[in-house]
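**Student:** here is a sequence with its predicted model. Questions after.
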Amino acid sequence: MSVAGFCELTLQTADPEALATFYAQHLGLEVLQRQEDRIWLAAGPKARLGLWRPGEKEFGDEGGAHVHFALRADAQEMERIRRRLAGAGFEPRGPVEHDGGDRSLYVEDPEGNVVEVWDFFSRGRTVEDGLNDGGTA
């Protein structure tokens with residue numbers, strides 16, 4: 001038996017409310033819950049994004065650097081997402097077409113995290129396909 005996918009990803013931020021506004025208004029994530037030191041947003045039906053204030057958490061979690069993360073989107077949504085981001089003053093790159101025909105948008109959120117919006121799975125591709133063509137890099 002193996003894991004079935006991501007449950008959650010958390011980002012550290014001094015201003016969870018401002019970052020939640022970015023993800024809700026510009027990428028369409030739904031705010032699920034606000035707590036004293038964090039905000040949870042739905043990232044599709046089976047994953048969530050946590051925006052946490054710095055400081056020790058229940059399991060000794062600490063923030064750290066990352067390269068980027070990707071959110072899944074349908075192929076037909078890519079241009080609408082790009083226009084919404086650009087119209088709000090962000091500078092999305094793309095859509096960039098990868099080997100195999102899938103496309104990605106890249107944008108930095110207000111905290112400088114690189115966010116990829118990727119239509120890979122909406123094109124019927126599998127996790128193994130991404131390894132065979134070098135992924136999204």
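**Tutor:** Looks like it arrived, so ask away.

**Student:** what sits closest to Met78 if chain neighbours are left out?
**Tutor:** In this structure, Met78 finds its nearest non-sequential neighbour in Pro95, 5.0 Å apart by Cβ to Cβ, 6 or more residues apart in numbering. (C-beta placed from N, C-alpha, C; glycine too.)

**Student:** what ranges in the protein fall below the confidence cut-off?
**Tutor:** Applying pLDDT under 70 to the chain picks out residues 1-5, 58-67, 123, 125-137.

**Student:** return the set of buried residues in whichever helix in it runs longest.
**Tutor:** When the chain is parsed with DSSP state H, its longest helix is helix 16-27. By neighbour count on 16 or more other Cβ atoms under 10 Å, the buried set for helix 16-27 is Pro16, Leu19, Ala20, Phe22, Tyr23, His26, Leu27.

**Student:** on that earlier part again, show me the contacts for the residue nearest to Met78.
**Tutor:** Residues in contact with Pro95 (Cβ atoms under 8 Å, 6 or more residues apart in numbering) are Met78, Glu79, Arg82, Arg103, Ser104, Leu105.

**Student:** what is the three-state secondary structure of the second one?
**Tutor:** Pointing back at Glu79 there. helix (DSSP: H, G, I helix; E, B strand; the rest coil).
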